[in-house]
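S.K.: I would like to see how this sequence folds:
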Amino acid sequence: MHTTEPNSPSSYPPIQGNNGSLFYSETEAAARLGLHRTTLRALAIAGRAPVEPIPLTEHRRVYRRADIHRLAGLET
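M.R.: Below is the predicted model:
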C-alpha cells in the first residue's frame, strides 16, 4: 500500500472548482502552501505573504496559480 507524507502536495485535498483557472482562492492557495487560510490572510494584510495576492475586494484576494506552484515546488 502506498502512503503519502502528511505535507506532500499529493496529500492535499483536491482543489475546489479546479477548472483550469489561472488563479487560486485564498483557501486553495493556503492548502497548496501548507498554511491555514487565516495565516495566509494575515500575512497578505501585513504585506508579508509568500506570494503577491491580487485583491478583488477589501476582504477577498486571489493568488496566481503559477506563483503558488513555483513556491510549492509543484508542476504547472
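
S.K.: What is the neighbour count of the spatially closest residue to Glu75 that is not a sequence neighbour?
M.R.: Spatial nearest neighbour of Glu75, chain neighbours left out: His69 (6.9 Å); criterion: C-beta to C-beta, 6 or more residues apart in numbering. To be clear about C-beta, it is placed using only N, CA and C from the backbone, and glycine gets the same treatment. A total of 15 residues lie near His69 under the criterion other C-beta atoms under 10 Å.

S.K.: Check which residues of the host helix or strand of His69 are buried.
M.R.: Following DSSP states H and E, the helix or strand that holds His69 is helix 65-72. Residues of helix 65-72 classed as buried: Arg65, Asp67, Ile68, Ala72 (neighbour count, 16 or more other C-beta atoms under 10 Å).

S.K.: Same check on stretch 35-45?
M.R.: By 16+ other C-beta under 10 Å, the buried positions in stretch 35-45 come out as Leu35, Leu40, Arg41, Leu43, Ala44.

S.K.: confidence score at the spatially most central residue of the chain?
M.R.: For the chain, the residue nearest the mean C-alpha position is Ala29 (1.1 Å; C-alpha atoms, centre = their mean). We have a pLDDT of 96 for Ala29.

S.K.: List the buried residues in whichever strand or helix holds it.
M.R.: Element membership for Ala29, per DSSP H and E: helix 26-33. Neighbour counts over helix 26-33 (16+ other C-beta under 10 Å) mark Glu26, Glu28, Ala29, Ala30, Ala31, Arg32, Leu33 as buried.

S.K.: Look at Ala46 and say how many residues are nearby.
M.R.: Around Ala46 there are 8 other residues, counting by other C-beta under 10 Å.

S.K.: just to revisit the earlier point, which one of the buried residues of stretch 35-45 sits closest to Pro50?
M.R.: Pro50 lies nearest to Leu43 out of these, by C-beta to C-beta, at 7.1 Å.

S.K.: just to revisit the earlier point, what is the lowest-pLDDT residue among the buried residues of helix 65-72?
M.R.: Within the buried residues of helix 65-72, lowest confidence goes to Ala72 (88).

S.K.: Sketch out the low-pLDDT regions of this protein for me.
M.R.: Per-residue confidence of the chain (counting by pLDDT under 70) places the weak regions at 1-19, 76.

S.K.: All good on my end, thank you.
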